[in-house]
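Trainee: take a look and give me a structure for this.
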Amino acid sequence: MKIQNSIPQILSRAIGTKFFFILPFCVSICLTSCDESSVVGLDVQPENDLLNVGYQDTTTILTQTVKGDSLITDETLISTGVGLIGKYIDPVFGTATASMYTQVRLPSNILSTTFGTGPICDSIVLSLIYDGAAYGKKDRKNQKLNVYQVTQTMSTSSTYYSNSTLTYGTELTTGGGYVFKPRPGSLDSVNVLGDNLKAQLRAQLDPTFGQLLLNNGSAGNLSSNTAFQTLLNGIYITTENTTGLAAEEGNILHFKMGESKITLYYRNTTADSLNYDFSLGSVARFNHFTHDFTGADANLITQLGASPPVQNATVFIEGMAGPRTKITFPHLMNWVSNGLIGINKAELIINVDTSVATYNLDTFAAPTAFILFGINDDGTTYAIPDAFEGSNYFGGTFNSGTVQYHFNIARYIQQVMDGDRNNNGLYILASNGAINANRAVIGGATSATRPMKLNITYTKLH
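Mentor: Numbers count the residues shown, from 1 in each chain. Below you'll find the predicted structure:
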């Protein structure tokens, strides 16, 4: 079943997908939590103040960066049809690469395929339609695109993750790969045989592959999609072999996979200048993401190491199944020892750190929103109750003016204090991380200039 919502785009393998049938409109979910080593202000209210409302902004928070979990990146949960392809080198997060595995299908308006007598391939071209978005430096640098023939069956009934892989063999690009300079701007266009087409990346494939397809038309292997996808399981599109990029160079590019295609140009004994399109729309496909932290920020490498510190003044979050931030509140249950408490509001304030030049938001824009999940005893995650209250209550969107994210997690805090949830902490992730590469460096709880804080407004109950 296809799930048309944005939360699944960042859903990890550990999160049950059934949750998303009851939360279709939570676009931004953020990870936050709070804890307290002492309760300041409970006993300073006037005796005639029956509500005993208090305020606390010194909750102890432990902040650390952890490795990201895999994300579902297949066509069932990426309803937008956008695929990511590209490579870039982030001076803070290291090298990130996005590749695509996809089936190819026959045109929907053609029930059978015939190429006439004696068809000969003139050329065959993979056309990837730019979505217009690109992550990374605006000064585009050349990348190398390689296309390979997948040798393993793909299926729309299978679930694929960002770390899933398929076997592949024959390279279909000529000359060891197609070198191109990204041109994702929506105003760019391509002239093809006299027609101005949408901005697209056009990679020449091996004519031998084109001739193979022509020959199989007469053999009946192009008589149906079932027969064709037995002949061609799919293709693997990647820029992982790109070399020569320096720090801050490269891009992750967005492509409209539903509009992309492979065009076969051919002639036969009776006509020339013929063409035939194979579609990349309405097929099984998924993104594969890799992260190489070689050359990344030393603090990030330390936190992702074998013995990471549990408290850090700077923490890191990256899309495409990159690092996420874990926060815990070790003294939260101290509130309970002081009597019954009703949490009116618990505002988690997350400050983006811009103090270092390489953290800059101009080249590497921060995520438009964060999401957050609670952590179960076994390490799996769950949606905290505040997420069901809508974005106006819950928050999570990026404020470019204050360079902050705000969340209200009052219901989560109350559940922990009431003993309905164990105090295992929360994960902060980039929203829509399956289709966005955005990252952010944020202030940890002990940051001298941009600390993460939890502001709690509460009522002491009698």
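Trainee: what about the stretch 51-200 of the chain, any weak spots by pLDDT?
Mentor: Where the stretch 51-200 of the chain drops to pLDDT under 70, the residues are 51, 77-80, 109-112, 186-188, 191, 193-194.
Trainee: distance from the chain centre to stretch 378-387, please.
Mentor: Offset of stretch 378-387 from its chain centre (Cα atoms, centre = their mean, to the nearest Å): 19 Å.
Trainee: swap in stretch 250-265?
Mentor: Here stretch 250-265 is found 18 Å from its chain centre; the criterion is Cα atoms, centre = their mean.
Trainee: contact partners for Arg105?
Mentor: By Cβ atoms under 8 Å, 6 or more residues apart in numbering, Arg105 lies in contact with Asn225, Phe228, Gln229, Phe278, Ser279, Leu280, Gly281, Ser282, Val283. Every C-beta, even on glycine, is put in place using the N, C-alpha and C of the backbone.
Trainee: 10 Å - rerun?
Mentor: Taking Cβ atoms under 10 Å, 6 or more residues apart in numbering, we find Arg105 in contact with 225, 228-229, 232, 234, 261, 278-284.
Trainee: partner residues bridging it?
Mentor: Beta-bridge partners recorded for Arg105 (DSSP bridges): Ser279.
Trainee: which helix runs longest in the chain?
Mentor: The longest helix of the chain (DSSP state H) is helix 207-218.
Trainee: that one packs against which elements?
Mentor: When contacts are defined as 3 or more Cβ pairs under 10 Å, 6 or more residues apart in numbering; DSSP states H and E, helix 207-218 packs onto strand 120-136, strand 143-150, strand 168-171, helix 225-231, strand 250-267, strand 274-279.
Trainee: if we use 6 Å, what do you get?
Mentor: In this structure, helix 207-218 makes packing contacts with strand 120-136, judged by 3 or more Cβ pairs under 6 Å, 6 or more residues apart in numbering; DSSP states H and E.
Trainee: and the angle for the strand it packs on with strand 143-150?
Mentor: Between strand 120-136 and strand 143-150, the angle comes out at 120 degrees (axes from the mean of the first three to the mean of the last three Cα atoms, to 10 degrees).
Trainee: now strand 120-136: buried residues?
Mentor: The neighbour-count check on strand 120-136 (16 or more other Cβ atoms under 10 Å) flags 121, 124-136 as buried.
Trainee: next: stretch 308-325.
Mentor: 312-325.
Trainee: again, but for stretch 261-273
Mentor: Burial within stretch 261-273, assessed by neighbour count using 16+ other Cβ under 10 Å, is assigned to Lys261, Ile262, Thr263, Leu264, Tyr265, Tyr266, Arg267.
Trainee: okay if I get the residues you listed as CSV plus pLDDT?
Mentor: Listed next are those as CSV, based on pLDDT from 0 to 100:
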residue, pLDDT
Lys261, 96
Ile262, 97
Thr263, 96
Leu264, 96
Tyr265, 96
Tyr266, 96
Arg267, 96
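Trainee: look up how far Tyr266 lies from Thr114.
Mentor: Going from Thr114 to Tyr266 by Cβ to Cβ, to the nearest Å gives 12 Å.
Trainee: follow-up on the earlier one: chain center to the longest helix of the chain: distance?
Mentor: 36 Å.
Trainee: one step back: how about the buried residues of stretch 308-325 in JSON lines, adding secondary structure?
Mentor: Formatted as JSON lines, these follow (DSSP: H, G, I helix; E, B strand; the rest coil):
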{"residue": "Asn312", "secondary structure": "coil"}
{"residue": "Ala313", "secondary structure": "coil"}
{"residue": "Thr314", "secondary structure": "strand"}
{"residue": "Val315", "secondary structure": "strand"}
{"residue": "Phe316", "secondary structure": "strand"}
{"residue": "Ile317", "secondary structure": "strand"}
{"residue": "Glu318", "secondary structure": "strand"}
{"residue": "Gly319", "secondary structure": "coil"}
{"residue": "Met320", "secondary structure": "coil"}
{"residue": "Ala321", "secondary structure": "coil"}
{"residue": "Gly322", "secondary structure": "coil"}
{"residue": "Pro323", "secondary structure": "coil"}
{"residue": "Arg324", "secondary structure": "strand"}
{"residue": "Thr325", "secondary structure": "strand"}
